[in-house]
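Asks: Take this sequence and fold it.
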Amino acid sequence: MKESDLLRYLLENQERFVTSEELAGILSLSPRTIRNYIKVLKTKLVLHGAVLESKPSFGYCLHISHPVTFDLFLNKNYQLSQWHENNTEEIDIADRQKYILNKLVIESKKMLIEDLAQRLFVTRSTLSKDLSIIRKKLMPYALTIENKPHSGIFVTGLERNRRHFILDYFFTHNDNSFQHYMENKSFFKKISFDQITIIVLDECRESGIYLTDFTIQNIVLYIALSVQRMAGGFELQPVDFDDSLETRQVYTVAENIIHRLENSYHLKVPKSEVAYLTIQLLAKGKNINVTNDEALHEDLDFVLQQIEEATGCPISQDYDLKKNLIAHLKPMIVRLEQGLQLKNPLLQEIKANYSHYFSDVKRYVHLSRYLSKFDINDDEIAYLALHLMAAAEKYRDLNKPKVLLICATGYGSAQLLNNRLEKEFGKQLNIIGIKGYYEIDDAALNGVDIIISTIDLSTQVFKIPVVQVSVFLTENDIKKLGHFLNNLNDNSRQLSSVTTKDATNSQSTNYFDQFTDVSRFKIWRVPTDREDVLNQLSDMLLTDEPAEFKQELLDQIDQRELLSAITFNDVIAVPHPARAMSKVPKIAIGVIPAGLKWSNSYPNIKLVFLLSPSYLNNQGLMAITQTIVHLVDNTTQQADLVVTKNFSDFRQKFILFMKGGKSK
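Replies: So this is what the prediction gives:
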């Protein structure tokens, strides 16, 4: 819901004031509606550990005074729409329309006008206005509302178009939150996003199909919706596509994915579903085993030459630009031919801050004989604009820290960030690679000194510093990164100045006590093993969690370890889930003086910090994880913690180290 999105955006931007105009643009609401939501939030939050400050001309800023109280409140009231006992007219309209669309499109109901008006407590005239707006929303998807006597109103149209509309209307978000779609888990009931993600990654990697993080999420969401629709008896009509080598290869991948889904969900999947998944993979992936189309190369060369003549930039000879554009255009053309177009989480920011690039690309696409025949939406134009922006940035040059860029929205946006970093910090940084989140593994991290990420990785712990920035590298990002690099030059590994405000001594104590206590601490005096330690430590984190929490936590720890090591050195292991799961952040600590065998490479682990970040808010958790990271290079402090006598002794030593002191 929009209310939840509003509060989340304020949470993610606590360090600054956010205007109602900015919020309106992000959430696709009017400033007036934003102010109505803010008014309600203010009165509620002040009673639950937070204050919403407003300042004329500056906007709104969220201040959290009691993190745990606020986290529990946020969890209890996660569907924030229930707060509004006296909804404004605009909120009522949006909620009514969503309710009607849910009944007509998702549930495929037939409803009498009189019954629907009575259920929504509105007049027939008001309902007619709502239906008129809904008809316009459905029109681009070739879906129509029919009204038959005695049957009532219902939606007609192809199942594939229903699915497109459901994904776009109910599950599309305007932010770049990496796992935002997971909030819709309740809609999908028993469907496991993690399981589908693993299946897609396995089969696509095996066959050489590359998917960006953002498209992986779209594919997984599409498959989850397909499983849900098939379970409800809704099937796709037969789908036609060409019989090229590339299509046959991708069809085999789709068959393998569907076969694994059939076994997992006990479904019999029709061939039309395999065919349509093939189209989705063709439209959103890049098959590295298939050579590029010569005619497309010629078309692109012509367009780039025209742009070069108009701008003077030597882009017609830019091999990297052409290679990246070909990789983008091939699946894009498949999408356009099938009537599919991607959503772009960066669209609003590109249109607001880089409008001249956006306008130029809109004009340039008409020069292409491939693209000019399609009606291309703004989201797709924005993706192409990223490539041009990256090229423009490039034309503006063995002791530097080695940087790995992590970006979820595709190579064009990653290349844009890469070039902006080169421009601002080219003399200070050596960017050695660009990866998506699912590509992070030990090999990718080998030799890396800093991770710069456009994804929020605050719930993940790496033994090298992580700096989060916008893909556009804003002025605030430049200042933040500059501050961090200055600290590096002073031989400091303190990351707190980059990601959080410096913690006072009292905050250090509060943060430690907020996440753990004596009930989440154990010293093993007898020989033990990895399984036993994880089993007992996870038992310590079950308070206020559902029955399935423990097994899911252990599964998620295994999935996180598949990405990269969670053993930080020969002594310290920091197991944590691949995605945040807890209502509030928690830490369980194990001390094994005699050591345990974590793996063949790490046979003598003595300190285990089991972290379970919150899926709502993790204020203060970074201070703890940074302290653990700093422990890696301090063998004296490690040894002192290993011989700790009890929880009180461990707590005193850890907090002292956290504050920058040394144990006596």
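
Asks: now E337: how far from G157?
Replies: Separation of E337 from G157 (Cβ to Cβ, to the nearest Å): 20 Å. Any C-beta I mention is one placed from the backbone N, CA and C, and that applies to glycine too.

Asks: To clarify, my last question referred to G49.
Replies: G49 is 47 Å from G157, by Cβ to Cβ.

Asks: How about T247?
Replies: 26 Å.

Asks: neighbour count winner among the two?
Replies: T247 (19 against 16; other Cβ atoms under 10 Å).

Asks: secondary structure element for the more buried one?
Replies: Using DSSP states H and E, T247 sits in helix 245-265.

Asks: Select the helix or strand of this protein having the lowest average pLDDT value.
Replies: helix 496-499 (a mean of 36; mean pLDDT, DSSP states H and E).

Asks: Please export the C-alpha coordinates of stretch 378-386 as PDB.
Replies: Extracted C-alpha coordinates of stretch 378-386, given in PDB (Å, rounded to 0.1, in the frame of the first residue of the first chain):
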ATOM      1  CA  ASP A 378       9.200   5.800 -21.200                       C
ATOM      2  CA  ASP A 379      10.600   3.000 -19.100                       C
ATOM      3  CA  GLU A 380      12.400   1.400 -22.100                       C
ATOM      4  CA  ILE A 381      13.600   4.800 -23.300                       C
ATOM      5  CA  ALA A 382      15.100   5.400 -19.900                       C
ATOM      6  CA  TYR A 383      17.100   2.100 -20.100                       C
ATOM      7  CA  LEU A 384      18.500   3.200 -23.400                       C
ATOM      8  CA  ALA A 385      19.300   6.700 -22.000                       C
ATOM      9  CA  LEU A 386      21.500   5.100 -19.400                       C
END
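
Asks: which residues are contacting it?
Replies: Applying Cβ atoms under 8 Å, 6 or more residues apart in numbering, the external contacts of stretch 378-386 come out as 325, 328, 332, 335-336, 341-344, 346-347, 350-351, 354, 357-358, 360-362, 365, 410, 412-413, 415-416.

Asks: Just the buried ones out of those, please.
Replies: For the contacts of stretch 378-386, a burial check counting by 16 or more other Cβ atoms under 10 Å picks out 325, 328, 332, 335-336, 341-344, 346-347, 350-351, 354, 357-358, 360-361, 365, 410, 412-413, 415-416.

Asks: What residues does I523 make contact with?
Replies: G590, V591, I592, P593, T644, N646.

Asks: Give me the buried entries from those.
Replies: Buried among those by 16+ other Cβ under 10 Å: G590, V591, I592, T644.

Asks: where's the dip in pLDDT among these?
Replies: Least confident entry in the buried ones among the contacts of I523, by pLDDT: T644, with 94.

Asks: Report the spatially nearest residue to it, omitting neighbours in sequence.
Replies: F650 (4.2 Å; Cβ to Cβ, 6 or more residues apart in numbering).

Asks: hang on, that neighbour packs against V643?
Replies: No: under the criterion of Cβ atoms under 8 Å, F650 is not in contact with V643, lying 10.1 Å apart.

Asks: the more surrounded of those two?
Replies: The neighbour count for F650 versus V643, taken as other Cβ under 10 Å, is higher for F650 (21 against 12).

Asks: Give me the three-state assignment for T644.
Replies: At T644 the chain is in coil, as set by DSSP: H, G, I helix; E, B strand; the rest coil.

Asks: Distance check, it against Q249.
Replies: 57 Å.

Asks: what's the answer for G412, then?
Replies: From G412 to Q249 the distance is 24 Å (Cβ to Cβ).

Asks: ditto for L158
Replies: Taken as Cβ to Cβ, the span from L158 to Q249 is 27 Å.

Asks: what's near enough to touch L371?
Replies: L329, I333, L336, V365 are the contacts of L371 under Cβ under 8 Å, 6+ apart.

Asks: Assign a three-state SS to it, would you?
Replies: coil.

Asks: likewise the one 3 residues further on?
Replies: Here F374 is recorded as coil under three-state DSSP.

Asks: go on, the one 5 residues further on?
Replies: For D379, the secondary structure call by three-state DSSP comes out as helix.

Asks: tell me which element the residue lying closest to it once chain neighbours are set aside falls in.
Replies: Spatially, and ignoring its direct neighbours in sequence, D379 is nearest to N344 (3.9 Å; Cβ to Cβ, 6+ apart). For N344, there is no helix or strand it lies in under DSSP H and E.

Asks: contacting residues for N344?
Replies: N344 sits in contact with I350, D378, D379, E380, A382, Y383, T409, where contact means Cβ under 8 Å, 6+ apart.
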